[in-house]
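>>> What follows is a predicted structure for the sequence shown.
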Amino acid sequence: MSPLWPIALITFKEGTRNRAFYGISLIALLMMGAAFFISGMVMRDVGKVAVDMALSTVSFSGLLLVLFVGIDLMAKDLDKRTIYMVLARPISRQQYIVGKFIGISLLIVTTVCILGLFGAISIFLTKWANPAYFPQFSWGPVLLADTFIALSLILLSSLSFLFASFASTSFITLILTMISYIIGQSMSTVKALVESPQTAGITVPPITVKLVQAAYYLFPNLSLFDIKTQAAHGIAIPMTYIIWTLCYGIVYICLVIVSAALLFKKKEFP
């Protein structure tokens, strides 16, 4: 039997036992409950606020999960030297990386599903209490937004594996992952600004334009997966956009994990 599944299953179980996992889940549930009361304070936009807060809670909680649970699961094996016991078995370093990644991906998907369910309950209760303020609401965009959130978090997690494959400490991995997230969320806007600086009345040196364009194609465009606004307004997402975004995410993840496995193969352990 392939060792990938046992490694993935152990990683998933370790993730569910992590104290940070329970803390993040509790914070998310409290935010979901608060969303029901907060959305009622903005009666004119109660529907939009309820959907946006539910999806934002799922996204924020998932980000915390990747940064503080996913990275920790990888660092724990290296810090406690348990990786030596794993690699002493007939398991290659590439299989270890892929197995770990599958386990964390399962943890992310499970967490997003659970939080998405509670978010749907929050939206449903708000809709039941204020039916007149949900004129264009549809569950389809909400479900798609949750799917895109899960895919973006898995993509971000794959980057953390890439950084962990050559970084000397988990702190460096955390910082690089956070930087990638910030760049991925804002790079589309920055690229549009530097390519058309006259719209903002500024001057951008050509070298800056080249650097921004290089970063745009090198780092993942995480803003593609952010459709919370469309879901909140009940706007239908074109099928071409859905297919293209899914393919982009899957291909990027595969390329990053392959790179991480190749780099981890040459990594020297302390």
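Thanks, I have the structure now. Numbering: from 1, shown residues only.
>>> for the protein, what's the longest helix?
helix 93-129 (DSSP state H).
>>> Quick check: which helices or strands does that helix pack against?
helix 4-17, helix 19-39, helix 46-65, helix 71-79, helix 82-87, helix 139-164, helix 239-265 (3 or more CB pairs under 8 Å, 6 or more residues apart in numbering; DSSP states H and E). In short, each C-beta sits where N, CA and C put it, glycine included.
>>> let's see it at 7 Å
helix 4-17, helix 19-39, helix 46-65, helix 82-87, helix 139-164, helix 239-265 (3 or more CB pairs under 7 Å, 6 or more residues apart in numbering; DSSP states H and E).
>>> Show me what counts as buried in stretch 91-102.
91, 93, 95, 96, 97, 98, 99, 100, 101, 102 (16 or more other CB atoms under 10 Å).
>>> which residues touch the residue nearest to the spatial centre of the chain?
Per CA atoms, centre = their mean, the C-alpha nearest to the average position across the chain is that of residue 153, at 1.6 Å. Taking CB atoms under 7 Å, 6 or more residues apart in numbering, we find residue 153 in contact with 62, 63, 66, 108.
>>> now this structure, which segments are flagged as low pLDDT?
By pLDDT under 70, the low-scoring segments of the chain are 1, 35-44, 79-82, 84, 86-88, 133, 195, 197-204, 268-270.
>>> hmm, back to that, between the contacts of residue 153, which is closest to residue 260?
Looking at the contacts of residue 153 and their distance to residue 260, the nearest is residue 66, at 14.7 Å (CB to CB).
>>> okay, now that closest one: neighbour count?
Residue 66: 26 surrounding residues under other CB atoms under 10 Å.
>>> Would you agree it is in contact with residue 155?
No. The pair residue 66 and residue 155 does not pass the contact test of CB atoms under 7 Å, sitting 9.7 Å apart.
>>> circling back: what's the closest of the buried residues of stretch 91-102 to residue 170?
residue 100 (13.7 Å).
>>> Give me the nearest residue to the closest one, chain neighbours excluded.
residue 11 (5.2 Å; CB to CB, 6 or more residues apart in numbering).
>>> same question, residue 4
residue 99 (4.4 Å).
>>> Is the one you found in contact with residue 9, as I believe?
No. The criterion here is CB under 7 Å, and residue 99 misses it with residue 9 at 8.9 Å.
>>> re earlier: now, the most widely separated pair of the contacts of residue 153?
63 and 108 (10.3 Å).
>>> ok, the two, which is more surrounded?
The neighbour count for residue 63 versus residue 108, taken as other CB under 10 Å, is higher for residue 108 (24 against 18).
>>> check contacts around the more buried one.
62, 65, 150, 153, 154, 157 are the contacts of residue 108 under CB under 7 Å, 6+ apart.
>>> Mind doing that once more with 10 Å?
15, 62, 65-66, 69-70, 149-154, 156-157 (CB atoms under 10 Å, 6 or more residues apart in numbering).
>>> List the contacts of residue 222.
Per CB under 10 Å, 6+ apart, neighbours of residue 222: 148, 152-153, 155-156, 180-188, 249.
>>> No further queries at this time; thank you.
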